[in-house]
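Asks: Model the structure of this input:
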Amino acid sequence: MAFDSPNLDPLAKIGITIDENEHLSLPRARGGLRVHTQMDTRLLTIRLVPGFDDGVLRQLVDGAKEDALKVLVLQLYGTGNIPSVKKGFVQLLADAVDKNILVVASTQCFTGSVMIGHYATGVALKEAGVVSANDMTLEAISCKSAYLLGRGDLTVKEAGKLMGVSLRGEVTPAESLNPPPLSSAYQRASRKGKKYY
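Replies: Residues are numbered from 1 along each chain as shown. Okay, the predicted model is just below:
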């Protein structure tokens, strides 16, 4: 497939005929087309792998000159998990947020979404100021953050809040996403102090 939006049905299927899924089309935008050429592309994407050394990322964040890095996109495991033993990593991300860097959590999975706040590590990321990309593709995250920060009228914090808002159908709002399987049962058992491992 040349182009795919992994979390949605195709807008159309082309064969002998063109069969459109009209229910997926967004309403027409109001007003005329405006082309935004001021894109802030000071962005870095990091794909986490098992056993990664967060010291390298620490040097990057600590050594970033003012405004040299505006967005740090982390491709996390599954629904937005990181190794729970890396407490210093969460502090590193909080330090990046304090340095006015927008830290965005995305998933490495081809389909699905980041569910910050559903697991202990996700709660820690949220408290550190990390923003969820929900089900956006890496390309959508890059374009959206470059557009939002390139506008020049938004702070990094305001841009972070808009990452979860659908501007042109690029993201499913968090409240519309399905919860991860078994999360609520696991969370209830955890609160009761039961351990199953």
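
Asks: these two touch, right, Gln75 and Leu44?
Replies: No: in this structure, Gln75 is not within contact of Leu44 by Cβ atoms under 8 Å, at 11.4 Å. In this view, the C-beta of every residue, glycine as well, is placed from N, C-alpha and C.

Asks: Mind checking which of the two has more residues around it?
Replies: Between Gln75 and Leu44, counted using other Cβ atoms under 10 Å, Gln75 has the larger neighbour count: 19 against 15.

Asks: which one is that one nearest to, not counting chain neighbours?
Replies: Arg47 (4.2 Å; Cβ to Cβ, 6 or more residues apart in numbering).

Asks: So for that neighbour, what pLDDT did the model give?
Replies: Predicted confidence (pLDDT) for Arg47: 92.

Asks: Summarise which helices and strands the helix or strand hosting Ala105 is packed against.
Replies: Assessed by DSSP states H and E, Ala105 sits inside strand 102-107. Where contact means 3 or more Cβ pairs under 8 Å, 6 or more residues apart in numbering; DSSP states H and E, strand 102-107 is packed against strand 71-76, helix 87-98, strand 131-132, helix 138-150, helix 156-162.

Asks: Report the angle between it and helix 87-98.
Replies: Angle, strand 102-107 to helix 87-98, by axes from the mean of the first three to the mean of the last three Cα atoms, to 10 degrees: 130 degrees.

Asks: following strand 102-107, which helix or strand shows up next?
Replies: helix 120-127.

Asks: Now do that next one, average pLDDT.
Replies: Rounded mean pLDDT across helix 120-127 is 86.

Asks: Helix 87-98 and that one, what's the angle between them?
Replies: Using the same axes, to 10 degrees: helix 120-127 against helix 87-98 is 20 degrees.

Asks: Pull the residues that contact helix 120-127.
Replies: 79-84, 90, 93-94, 105, 114-117, 132 (Cβ atoms under 8 Å, 6 or more residues apart in numbering).

Asks: May I have it exported as CSV, CA atoms only?
Replies: Provided in CSV are the C-alpha atoms of helix 120-127 (Å, rounded to 0.1, in the frame of the first residue of the first chain):
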residue,chain,number,x,y,z
ALA,A,120,2.3,3.5,36.3
THR,A,121,5.1,4.6,33.9
GLY,A,122,2.5,6.5,31.9
VAL,A,123,1.4,8.4,35.0
ALA,A,124,5.0,9.3,35.7
LEU,A,125,5.5,10.6,32.1
LYS,A,126,2.3,12.7,32.4
GLU,A,127,3.5,14.2,35.7
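
Asks: Can you list the buried residues in it?
Replies: 121-122, 124-126 (16 or more other Cβ atoms under 10 Å).

Asks: any idea of the pLDDT on the most centrally placed residue in the chain?
Replies: The chain has Ala133 as the residue nearest its centroid, 1.9 Å off, counting by Cα atoms, centre = their mean. As predicted, Ala133 sits at a pLDDT of 93.

Asks: Thank you, goodbye.
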